[in-house]
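Visitor: No letters, just coordinates:
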């Protein structure tokens, strides 16, 4: 059997980077800490100043509790077009580990302010709730990704392919 995964090229990298940068939301997959089963939710998505995916979530959400119990997660970005088979439209699956930035944490306050300002520039409507006490940022350190660029166009990607910092090299 022929390997269906193509060698990653500049066209695949550009498509994956575009999907991530342009995504306004994504599906997030987490492991429910009570049952150990996968759970999927939709969250708003933006990028941090260094390009990493980031979301603003509430401690009241089930996916927030799941991420705090197990930081490993998966994000799915890309939406089907208005016409045609949904499986022919590009999508990017990201495997990542979440880290958290909370307002009021003395060690993170400068990071929170910078991330808040950057996030608001991309998602201005979040101004309505961004400062609520139960909201915090989850940044995602991408460990690997998989691009399905349409039928027969599958690629394995690294953080570097997405122009993101390698979590193995982060301090």
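Guide: Arrived safely. The model shown is predicted, which means the values in this text are computed figures rather than measured ones. Numbers count the residues shown, from 1 in each chain.

Visitor: Specify the beta-bridge partners of the most centrally placed residue in the chain.
Guide: Taking Cα atoms, centre = their mean as the criterion, residue 53 is the residue nearest the geometric centre of the chain, at 4.3 Å. Applying DSSP bridges to residue 53 gives these bridge partners: residue 47.

Visitor: That one and residue 137, how far apart?
Guide: Per Cβ to Cβ, to the nearest Å, residue 53 is found 11 Å from residue 137. Glycine gets a C-beta too; all of them are placed from N, C-alpha and C.

Visitor: same check, this time on residue 85
Guide: Taking Cβ to Cβ, one finds residue 85 at 36 Å from residue 137.

Visitor: Give me the more crowded residue out of the two.
Guide: residue 137 (24 against 10; other Cβ atoms under 10 Å).

Visitor: So what's the predicted local confidence for that one?
Guide: pLDDT recorded at residue 137 is 96.

Visitor: Wait, it touches residue 55, no?
Guide: Yes. Here residue 137 reaches residue 55: they are 7.2 Å apart, a contact under Cβ atoms under 8 Å.

Visitor: and the helix or strand containing residue 75, how far from the chain's centre?
Guide: Element membership for residue 75, per DSSP states H and E: strand 72-77. From the chain centre to the centre of strand 72-77 is a distance of 6 Å (Cα atoms, centre = their mean, to the nearest Å).

Visitor: Can you list the buried residues in it?
Guide: When burial is assessed from 16 or more other Cβ atoms under 10 Å, strand 72-77 yields the following buried residues: 73-77.

Visitor: top strand in the chain by residue count?
Guide: If you go by DSSP state E, the chain has its longest strand at strand 135-148.

Visitor: Direction included, what does that strand pair against?
Guide: When DSSP bridges is applied, strand 135-148 pairs with strand 53-58 (antiparallel), strand 91-101 (antiparallel), strand 154-157 (antiparallel).
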